[in-house]
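S.K.: Test case, fold it:
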Amino acid sequence: MIDRHGIECCDTVEVHEDLCKIVTETMPSEDELYDLAELFKVFGDSTRIRILYVLFESEACVCDIAACLNMSQSAISHQLRILKQSKLVKNRREGKSIIYSLADGHVRTIIAQGREHIEEA
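M.R.: Below is the predicted model:
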């Protein structure tokens, strides 16, 4: 059966209680689901993805990232603040410079799995 939106649906309504019980027991809390959705929103901006790709290669300061991406330092700083708040990047002071790097290996894994997904035939 196809509904009015063109989506395939079951011909009859039959609730599978065993499935619903498992889902209820394993579903993360609303707070966790919200945080997860917010994390994926951060990946929804191509500038932030480009910044992460720069940091895949090396630690870098705002000046270097801006030059690599042909963008203003202000625009890069704004995006780095969002990435840092989401715990995707970290920074440290080195003399007069602030050096940014990936927060951990999970960032690379998330991007790699996303690329793998979109490249599937």
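S.K.: where's residue 54, which helix or strand?
M.R.: helix 46-57 (DSSP states H and E).
S.K.: scratch that, residue 92
M.R.: Judged by DSSP H and E, residue 92 forms part of strand 89-94.
S.K.: by how many degrees do that strand and helix 46-57 diverge?
M.R.: For strand 89-94 against helix 46-57, the angle by axes from the mean of the first three to the mean of the last three C-alpha atoms, to 10 degrees is 60 degrees.
S.K.: For strand 89-94, name the packing helices and strands.
M.R.: helix 46-57, helix 73-85, strand 97-102 (3 or more C-beta pairs under 8 Å, 6 or more residues apart in numbering; DSSP states H and E). Heads up, the C-betas are built off the backbone N, CA and C, glycines and all.
S.K.: now could you export just the CA positions of that strand as PDB?
M.R.: Output in PDB follows, covering the C-alpha atoms of strand 89-94 (Å, rounded to 0.1, in the frame of the first residue of the first chain):
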ATOM      1  CA  VAL A  89      38.300  20.600  18.300                       C
ATOM      2  CA  LYS A  90      40.600  21.700  21.100                       C
ATOM      3  CA  ASN A  91      43.200  24.400  21.300                       C
ATOM      4  CA  ARG A  92      46.400  25.300  23.100                       C
ATOM      5  CA  ARG A  93      48.500  28.400  23.400                       C
ATOM      6  CA  GLU A  94      51.900  28.400  21.700                       C
END
